[in-house]
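In: What follows is a predicted protein model with its sequence.
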Number of protein chains: 2
Amino acid sequence: MAPSHATPEANPFLVDTGTPPIPEAKGWLASYDGSRGAVIDLSQAAPGHAPPPVLLRALAGAAADPATARYGPIRGEDSLRAAYARDLERAYGTPFNADDSVIVSGCNQAFLMAVLSVARAGDAVILPYPWYFNHKMALDMLGIETIPLPCRPENGFVPDVAEIAALMTKRTRAIALVTPNNPTGAVYPPATIRAVSECAQQHGLWLILDETYRDFLPLGQDRPHDLFASGIPVHVLQLYSFSKAYSLPGYRLGAISAPGGIMPELAKVLDTVQICPPRVGQIAVGSVMEETLAWREANRATIAGRAEAFRRALLPLNAWQIGSVGAYFAYVKPPHGAGDAAAFARHLAVNEGILALPGSYFGPDQEQWLRIAFANADEAQLATLGQRLGSAALPET
Amino acid sequence: MAPSHATPEANPFLVDTGTPPIPEAKGWLASYDGSRGAVIDLSQAAPGHAPPPVLLRALAGAAADPATARYGPIRGEDSLRAAYARDLERAYGTPFNADDSVIVSGCNQAFLMAVLSVARAGDAVILPYPWYFNHKMALDMLGIETIPLPCRPENGFVPDVAEIAALMTKRTRAIALVTPNNPTGAVYPPATIRAVSECAQQHGLWLILDETYRDFLPLGQDRPHDLFASGIPVHVLQLYSFSKAYSLPGYRLGAISAPGGIMPELAKVLDTVQICPPRVGQIAVGSVMEETLAWREANRATIAGRAEAFRRALLPLNAWQIGSVGAYFAYVKPPHGAGDAAAFARHLAVNEGILALPGSYFGPDQEQWLRIAFANADEAQLATLGQRLGSAALPET
């Protein structure tokens, strides 16, 4: 029999998964002629500055050491997990130990691993929307149903716990929260986080709590929430990213903190996905975590200042609505008549050299919204932003 | 309603997945008293030597550059993919370009991603056994059925293509080959690889071809196979690891080469699992790939020498059977009466300070076999190996 030369099909779950949207958006900038000034890229939560000097030196030192090139522990470097426990204590004001956390390759991977730990194809996960598109992609790719929980502009894009119970099905295994939120920037009140956690526990669900942006709470707020007052609850998987706080997304470094009961299952996922996390970033960050605390706090103040600068930039634009602002992101609605968000975002990129992501990337009913990653822009860029956004609000179309 | 405080359950697919076995085996060494000499750890395919000096310098240089800390491309660094295309041309004697390959975090992850690209929960994949335990774990974790294809000692642990068709079901999506093989070390003849590829294509299946150990072919063999003579076939996903050839497993660096048709689907997996691969190793390896060719070839000769030294070490042990030897591994059967492999491997570790993995880690019907990662041991260690194995062949039990 002669070979058929037919291409076999891809995984149908994957075919139904959305395409990574950021490359598409970045492509729009190719048509911008530069006439309105340098490009302001507000598309991705990518720190715009270098890591602190002491960390850069530690990275180079770790890479120069041949021992770094050997396999490391499945759960991550002991030194980093121990240092991270101290950082968790600082953040939550309650004791942690090294074995409460495992290290993974970034918080995107942390979400995938958390989901793999608690749900299988055919199960369902409650996901507030607008959602982070990679979370939806992860669930789709694994054949796990997404149950959308609306976060409404009139509530500052904070989910309403009273709506959760009605959404549950027999196949629901978990609810995922992202706070401070991506894409909206909404910082969920501790009382909301606690209420959702209790609701999840009462119904036998896991709570996957993505705190990628935990280090960028508003300056007046000291604690993200009080869930960990008596240790990590038996139903909570908490996710963290080192990328933003230490300015090193290129190293892919994140963490999952979880109760002891799930750790043996999580270790299987870690081993199967990666054997061990890459070591340079782990070794370096673990060695300078305390030393960089002042730098990180200064960085937090800088980003908080940018949130204020962003608000100021939009003040003259009366027709624009700010849905929420916080941590790294603002979620805004351009003037009515700007068309759908995808067309308007393309218009902004092509004509104004400003790249923001359209709400349509973040779930249903978001056609009128834009996500603006203001934390990437410095004050000078933010100062010109209002004028350039204002011009764009009068599209020729 | 008071919280139930019950722990929700883990993903049942995951609960049915095996535990990472290497930590268990390494634990046995804690009971060794040192009386037979230093520990010889033959448990893991971990290069025993440092990366080449020029690569170490490139790693330190990449880590010192703040630009490395930024996000990189989803598919991996362009520079590495271009350099890797040249290396593929050298290995297979046929043209490649940068877009034929994507970079991932090690070959374990490459397998997981390849499987995610072509199969979903409820599908099936044909897996020759003895298998690499992480492959079985990946399929179990995703709820994909493993169809075991026996590799028999009388065939040198090379699969028989004539047995494949009878194993196929309507749900079978792919067949996975590992050559040179882990755990057996068997180097599949090019004719076998071609026959399996044609069989897969005739039946509309993907071929996942894991060539982690491609750089360690026996010295007389120039080409791993001729599948790529007319480009990458439309049904082949080929996997590679930089860890062994460049001695840097701690950087987690691998590649998937695949036909253009599946690349958009694969990009979704890459984005969802990791956003981008960690960059230090990518940038450094890409910059010294050609420069390190002589070092890599010398390393290949060293490892081939170790295979010979291993054969010599076992020559006096008449009662031992060598099932196969090649690339990094030997698959051997201790004398009858040594009991099952797990008990014997533990005995070897505890009494002789030699750590090899029991066949039982590698699938059904392997109780009498041991996997020995001889490539980790230097010639001096291998010289003492025969004597220590010989003593252990007379267990007190």
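Out: Okay, I see it.
In: lowest confidence element among the helices and strands of chain A?
Out: Sorted by mean pLDDT, DSSP states H and E, the helices and strands of chain A end with helix A:379-392, the least confident at a mean of 86.
In: what's that helix in contact with?
Out: Identification of contacts with helix A:379-392 by Cβ atoms under 8 Å, 6 or more residues apart in numbering or on different chains yields A:36-38, A:40, A:305-306, A:309-310, A:312-317, A:320, A:334, A:344, A:347-348, A:351-354, A:374, A:377. (Glycine included, C-beta is placed from N, CA and C.)
In: For chain A, which segments are assigned as helices?
Out: A:12-15, A:21-28, A:53-64, A:78-92, A:107-118, A:133-141, A:190-202, A:242-245, A:263-274, A:279-288, A:293-314, A:341-347, A:379-392 (DSSP state H).
In: would you list those in CSV and tack on mean neighbour count?
Out: Below are those laid out as CSV (neighbours: other Cβ atoms under 10 Å in any protein chain shown):
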stretch, mean neighbour count
helix A:12-15, 18
helix A:21-28, 16
helix A:53-64, 21
helix A:78-92, 19
helix A:107-118, 26
helix A:133-141, 24
helix A:190-202, 19
helix A:242-245, 25
helix A:263-274, 22
helix A:279-288, 26
helix A:293-314, 17
helix A:341-347, 21
helix A:379-392, 18
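In: mind listing what's buried in stretch A:92-107?
Out: Residues of stretch A:92-107 classed as buried: A:92, A:96, A:98, A:100, A:101, A:102, A:103, A:104, A:105, A:106, A:107 (neighbour count, 16 or more other Cβ atoms under 10 Å in any protein chain shown).
In: what's the closest of those to residue B:285?
Out: Of all the buried residues of stretch A:92-107, residue A:105 has the smallest distance to residue B:285: 17.4 Å, by Cβ to Cβ.
In: Now do the same contact list for that closest one.
Out: Residue A:105 makes contacts with A:252, A:253, A:254, A:274, A:277, A:278, B:105, B:252, B:274, B:278, as judged by Cβ under 8 Å, 6+ apart.
In: rerun that using 10 Å as the cut-off
Out: Listed by Cβ atoms under 10 Å, 6 or more residues apart in numbering or on different chains, the contact set of residue A:105 reads A:76, A:112-113, A:251-254, A:270, A:273-274, A:276-278, A:281, B:105, B:109, B:252, B:273-278.
In: roughly how far apart are the nearest residue to it once chain neighbours are set aside and residue A:334?
Out: The shortest distance from residue A:105 to any residue other than its chain neighbours is 4.0 Å, reached at residue A:252 (Cβ to Cβ, 6 or more residues apart in numbering or on different chains). Remark: distance between residue A:252 and residue A:334 (Cβ to Cβ, to the nearest Å) = 34 Å.
In: These two: which is more packed in?
Out: Neighbours were counted for residue A:252 and for residue A:334 using other Cβ atoms under 10 Å in any protein chain shown; residue A:252 has more, 29 against 24.
In: tell me the contacts of that one?
Out: Residue A:252 neighbours (Cβ under 10 Å, 6+ apart): A:104-109, A:241-243, A:274, A:277-278, A:281, B:71-72, B:105, B:252, B:274-279.
In: And residue A:376, by the same measure?
Out: Each residue near residue A:376 by Cβ under 10 Å, 6+ apart is listed here: A:40-49, A:303, A:306, A:328, A:355.
In: Which pLDDT value goes with it?
Out: pLDDT recorded at residue A:376 is 85.
In: what's the burial count for the residue lying closest to it once chain neighbours are set aside?
Out: Leaving aside its chain neighbours, residue A:376 sits nearest to residue A:48 (4.8 Å; criterion: Cβ to Cβ, 6+ apart). Per other Cβ under 10 Å, the neighbour tally for residue A:48 reads 15.
In: Could you tell me how many residues sit around residue A:142?
Out: Residue neighbour count, defined by other Cβ under 10 Å, stands at 27 for residue A:142.
In: where does the closest residue in space to it that isn't next to it in sequence fall, phi/psi-wise?
Out: Take residue A:142 and drop its neighbours on the chain: the residue closest to it by Cβ to Cβ, 6+ apart is residue A:121, 6.0 Å away. The phi/psi pair for residue A:121 (degrees, to the nearest 10) reads phi -50, psi 140.
In: got the contact list for residue A:121?
Out: Going by Cβ under 10 Å, 6+ apart, residue A:121 touches A:13, A:141-145, B:11, B:13, B:120-122, B:142-144.
In: And for residue A:170, the neighbour number?
Out: Other residues close to residue A:170 by other Cβ under 10 Å number 6.
In: pretty sure it is in contact with residue A:124, am I right?
Out: Yes: Residue A:170 is in contact with residue A:124 according to Cβ atoms under 10 Å; the separation is 8.9 Å.
In: Tally up the residues packed near the closest residue to residue A:49 other than its chain neighbours, please.
Out: Of all residues not flanking residue A:49 in the chain, residue A:247 sits nearest, at 5.8 Å (Cβ to Cβ, 6+ apart). Using other Cβ under 10 Å, residue A:247 has 25 other residues around it.
In: My guess is residue A:247 contacts residue B:68. True?
Out: No: contact criterion Cβ under 10 Å: residue A:247 and residue B:68 do not qualify, at 11.5 Å.
In: Overlap in contacts, the two.
Out: A:50, A:51, A:56.
In: so which one among those residues has the lowest pLDDT?
Out: Lowest in pLDDT among the shared contacts of residue A:247 and residue B:68 is residue A:50, which has 93.
In: nearest spatial neighbour of it, skipping sequence neighbours?
Out: residue B:66 (3.5 Å).
In: Let's see the pLDDT reported for that neighbour.
Out: For residue B:66, the model assigns a pLDDT of 97.
In: Next one: it from residue A:106, what distance?
Out: Applying Cβ to Cβ, the value for residue B:66 to residue A:106 is 18 Å.
In: Surely residue A:160 is in contact with residue A:188?
Out: No: using Cβ under 10 Å as the test, residue A:160 is too far from residue A:188 to be in contact (11.2 Å).
In: how deep is residue A:368 tucked in, by neighbour count?
Out: Residues contacting residue A:368 under the criterion other Cβ under 10 Å number 20.
In: Please name the bridge partners of the closest residue in space to it that isn't next to it in sequence.
Out: Nearest residue to residue A:368 in three dimensions, chain neighbours excluded: residue A:333, at 5.2 Å (Cβ to Cβ, 6+ apart). Assessed by DSSP bridges, residue A:333 has beta-bridge partners residue A:321.
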